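Asks: Next input, structure requested:
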Amino acid sequence: MVYVMLAEGFEEIEALTVVDVLRRAGIDVSTVSITGSKTVTGSHNIPVTADILLPDADLENADMVVLPGGMPGTNNLYDSSELEKVIAHRVENGKWVAAICAAPIILGRRGHLKGLEAVCYPGFENELIGAKIKNEKVVISSKIITSKGPGTALDFAFAIVSVLKDENTARKLRAGMQAE
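Replies: Residues are numbered from 1 along each chain as shown. Model prediction:
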């Protein structure tokens, strides 16, 4: 199971593109509201109904936890002490975490990217403490996937498919969606 975390002010393209592509690939994915309400409003005032609430998600045993960016969504995810405990546990135990746009700062501010290659939305690089900053659309380093922003959401989603399924599945999906 993959969980895509939703907080008020999340970037809609980044969250929903991942959900769409993973479901096309046959990967179980659920959106998770950290707000206490299933309705979460994105950074462009689009209300989205989450599949489940945070207490109902088994984040520690998930195949991957995905952190979409957007503001103030990224800061709202960062401020969740429950989510931080889970992320720290996942990173310490070599379990997949993916973050896009501003969301890599959730990992970077707490030193989870130290010594790893990473990318984020331009201007947030100084918050990726100890990371080796790359200038690529998507970076996979150890068990962490990072990506630049809304325009790289498809590449980010295909990268997730490539590590959870395989590169061939991601390639076929990319071709079928005319994303080559």
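Asks: quick one, helices of the protein?
Replies: Taking DSSP state H as the test, the helices found in the chain are 12-24, 73-78, 81-92, 104-108, 153-164, 167-176.
Asks: Include distance to Ser43 when you put those helices into CSV, please.
Replies: Backbone N, C-alpha and C define where each C-beta goes, glycine included. Conversion of the helices of the chain to CSV gives the following (distance: least, CB to CB, whole Å):
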stretch, distance to Ser43
helix 12-24, 7
helix 73-78, 6
helix 81-92, 18
helix 104-108, 15
helix 153-164, 13
helix 167-176, 26
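Asks: which one of these is the most hemmed in?
Replies: Highest mean neighbour count among the helices of the chain (mean count of other CB atoms under 10 Å): helix 104-108, with a mean of 27.
Asks: what packs against that one?
Replies: helix 73-78, helix 81-92, strand 96-100, strand 117-118, strand 144-147 (3 or more CB pairs under 8 Å, 6 or more residues apart in numbering; DSSP states H and E).
Asks: Compute the inter-axis angle for the second one and strand 96-100.
Replies: What that stands for is helix 81-92. For helix 81-92 and strand 96-100, the angle between their directions (axes from the mean of the first three to the mean of the last three CA atoms, to 10 degrees) works out to 120 degrees.
Asks: Chain neighbours aside, what residue packs nearest to Ile106?
Replies: Setting aside the residues directly before and after it, Ile106 is nearest to Tyr78 in space (CB to CB, 6 or more residues apart in numbering), at 4.8 Å.
Asks: Could you pull up the contacting residues of that neighbour?
Replies: With contact set as CB atoms under 8 Å, 6 or more residues apart in numbering, Tyr78 has these partners: Glu84, Ile105, Ile106, Arg109.
Asks: and of the helices and strands packed on helix 104-108, who's closest to Gly26?
Replies: strand 96-100 (17.1 Å; CB to CB).
Asks: returning to that earlier point: reformat the helices and strands packed on helix 104-108 as JSON lines; add distance to Leu154 and mean pLDDT.
Replies: Supplementary listing: the helices and strands packed on helix 104-108 in JSON lines, determined by distance: least, CB to CB, whole Å; pLDDT from 0 to 100:
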{"stretch": "helix 73-78", "distance to Leu154": "19", "mean pLDDT": "98"}
{"stretch": "helix 81-92", "distance to Leu154": "24", "mean pLDDT": "96"}
{"stretch": "strand 96-100", "distance to Leu154": "11", "mean pLDDT": "98"}
{"stretch": "strand 117-118", "distance to Leu154": "19", "mean pLDDT": "98"}
{"stretch": "strand 144-147", "distance to Leu154": "10", "mean pLDDT": "98"}
